[in-house]
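Engineer: Here is the input, now give the coordinates:
(one chain, ligands or ions: 2)
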Amino acid sequence: KLASREFHKSDSSVYVGKVKIGGGSLAMIAGPCAIEGYEVLDTIAKYVKAGGANILRGGAFKPRTSPYAFQGMGEDGLKILRDVGDKYDMPVVTEVMDPRQVDLVCRYTDMLQIGARNMQNFDLLKECGKAMKPVLLKRGMSATVKDLLMSAEYVLSEGNKDVVLCERGVRSFEDSTRNMLDMSAVPNVKGQSHLPIIVDPSHATGRPDLIPSMCRASVAAGSDGIHVEVHNCPEKALSDGPQALLPHQFLDLMGDLRKLASAL
Ligand code: PEP
Ligand code: MN
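Structural biologist: Ligands and ions are numbered 1, 2, ... in the order given. Coordinates of the predicted model:
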């Protein structure tokens, strides 16, 4: 299997623009859940860049539980993401939800995100496998580690070698957190696969008070990076406001992670 350790003995790394993920280099992906407009994204990007984030995130196509919730700005949002990423010299990542959107999203982004809800959308996986962009593949909320690796296989087998996995929590009986973060997925994946894996404590916990410690735990567990939502005004955010870190919290977190990474 192309994702397996047997196929590729050493850790592989993936370039997103000039940013290397894996093989000792950490992806610090940060930004708002959704792109809400130029001004808001510009403000958030300025803060996350100052904190040391190296990839900017933001959703233009949002997979919302309710069809009446904000669905994202679509192509207008993609244009804003591209402009702001260029302004702060950060490559950008954004979610693509439908195989028919892959070409459009590729025109604006440096990395394609496949969301948890689409981890087994096999046509989407194949289409992203044909694209010339790295892929951030999030673990489905009820997917096993084996399922995640088989989904990566769909992308790899179409010829795209640049896959980064993301642990973002799975559903459980615990109802004080949004999902249950499976930290063991990091060393578990590393034992079976050469692909980089990062952790998203924002969607995993849904709680800003838990995100910093789970980011530190991720780095300590050998994760190749983190994926965190940041908003300068969470109470006004159009999606996932309650789980967003404030800019100063992100700054503190990044300082702690730098210290931790240099101590490892
Ligand atoms: C996101 O990253 O904005 C997102 C929707 O995440 P997930 O697919 O992990 O729920
Ligand atoms: Mn979100």
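Engineer: Phi first, then psi, for the closest residue to residue 33 other than its chain neighbours.
Structural biologist: The shortest distance from residue 33 to any non-neighbouring residue, by CB to CB, 6 or more residues apart in numbering, is to residue 240 (3.7 Å). To be clear about C-beta, it is placed using only N, CA and C from the backbone, and glycine gets the same treatment. As for residue 240, its main-chain torsions (degrees, to the nearest 10) stand at phi 50, psi 30.
Engineer: Looks like residue 240 contacts residue 211 (just checking).
Structural biologist: No: the pair residue 240 / residue 211 is not scored as a contact, 11.9 Å apart, by CB atoms under 8 Å.
Engineer: who touches both of the two?
Structural biologist: residue 202 (CB atoms under 8 Å, 6 or more residues apart in numbering).
Engineer: ok, which residues in the stretch 151-264 of the chain are in contact with ligand 2?
Structural biologist: residue 240 (CB under 5 Å from the ion).
Engineer: Where do the helices of the stretch 151-264 of the chain begin and end?
Structural biologist: 185-192, 201-205, 211-220, 247-263 (DSSP state H, counting those that start in this stretch).
Engineer: do the stretch 1-150 of the chain as well
Structural biologist: Under DSSP H, counting those that start in this stretch, the stretch 1-150 of the chain gives helices at 38-51, 75-87, 102-108, 122-130, 145-156.
Engineer: Need the ones you listed in JSON lines (columns: mean neighbour count).
Structural biologist: Converted to JSON lines, the helices of the stretch 1-150 of the chain look like this (neighbours: other CB atoms under 10 Å):
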{"stretch": "helix 38-51", "mean neighbour count": "19"}
{"stretch": "helix 75-87", "mean neighbour count": "19"}
{"stretch": "helix 102-108", "mean neighbour count": "16"}
{"stretch": "helix 122-130", "mean neighbour count": "19"}
{"stretch": "helix 145-156", "mean neighbour count": "21"}
